[in-house]
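Asker: Pasted the sequence and its predicted model underneath.
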Amino acid sequence: MSKSELLAEFANNGIQLNEYGRNLFAHGKFTTSPAISTIATVELAVADLGYVRGATMAQIHQRVAELDLTLCPLELGPHLRLQFLDQPEGHLGHPPSEHRAPSGSLTVASERLADDDDTPKGVYLRRIEGVLWLRGYRSAPEDIWSPEDRLVFCRPQRAA
């Protein structure tokens, strides 16, 4: 799907974007593939990667490479959001989070579009009070991701 088709599907499904998410969609380097493909993914907590006290994104990237996993294309985030319409509520009973991934969120681990501080670094999926969101986020290289933070990675496709 094109960006406009994805956004139309979001509107049809009541999916919201925060400002950072809208900024990513508008970014010239955020592209969608014209080809249909299937991507195998795996969801892991930071602790599952061996970081029981948390880790920076650089440490996480290094570990997933050792596990023969890869970062996801950024466009996978919107497609996952459309496929994961029954995401459990992550907001109720948890205090608001600041400078960390929110409770119940699922971050799509992807390459950054830009290294500047203003461009959002990626997206995460979340349900807040019954509303589905695709939210962009900003994160500094030195930020520590909590052991319970959940991320999605891709499995490389093997040639037949």
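Answerer: Received the coordinates, thanks. Numbers count the residues shown, from 1 in each chain.

Asker: Relative to S33, how far out is A47?
Answerer: With distances taken as C-beta to C-beta, to the nearest Å, A47 is found 32 Å from S33. Bear in mind the C-beta positions are built from the backbone N, C-alpha and C, glycine included.

Asker: quick one, which of the two is more surrounded?
Answerer: A47 (16 against 9; other C-beta atoms under 10 Å).

Asker: where does the closest residue to the more buried one other than its chain neighbours land on pLDDT?
Answerer: Nearest non-adjacent residue to A47, counting by C-beta to C-beta, 6 or more residues apart in numbering: P147, 3.7 Å away. Turning to P147, the model gives it a pLDDT of 95.

Asker: burial of the spatially closest residue to S146 that is not a sequence neighbour, as a residue count?
Answerer: In space, and not counting its chain neighbours, S146 is closest to G54: 5.2 Å by C-beta to C-beta, 6+ apart. Residues lying near G54 (other C-beta under 10 Å) number 17.

Asker: quick one: G54 and I144 touch, right?
Answerer: Yes - counting by C-beta atoms under 8 Å, I144 is a contact partner of G54 at 4.3 Å.

Asker: on that earlier part again, give the contact list for the residue nearest to A47.
Answerer: Neighbour list for P147: A45, V46, A47, Y51, V52, R53, G54 [criterion: C-beta atoms under 8 Å, 6 or more residues apart in numbering].

Asker: switch the cut-off to 10 Å
Answerer: A45, V46, A47, D48, L49, G50, Y51, V52, R53, G54, A55 (C-beta atoms under 10 Å, 6 or more residues apart in numbering).

Asker: Start and end of stretch 51-61, how far apart?
Answerer: Distance between the two ends of stretch 51-61: 12 Å, counting by C-alpha to C-alpha, to the nearest Å.

Asker: typed the wrong thing, it's stretch 129-143
Answerer: Note: stretch 129-143 ends 27 Å apart using C-alpha to C-alpha.

Asker: Could you check how far E142 is from D117?
Answerer: 12 Å.

Asker: And V46, by the same measure?
Answerer: With C-beta to C-beta as the criterion, V46 and D117 are 23 Å apart.

Asker: Between those two, which is the more surrounded one?
Answerer: In this view V46 and D117 are compared by other C-beta under 10 Å, and V46 has more residues nearby, 25 against 8.
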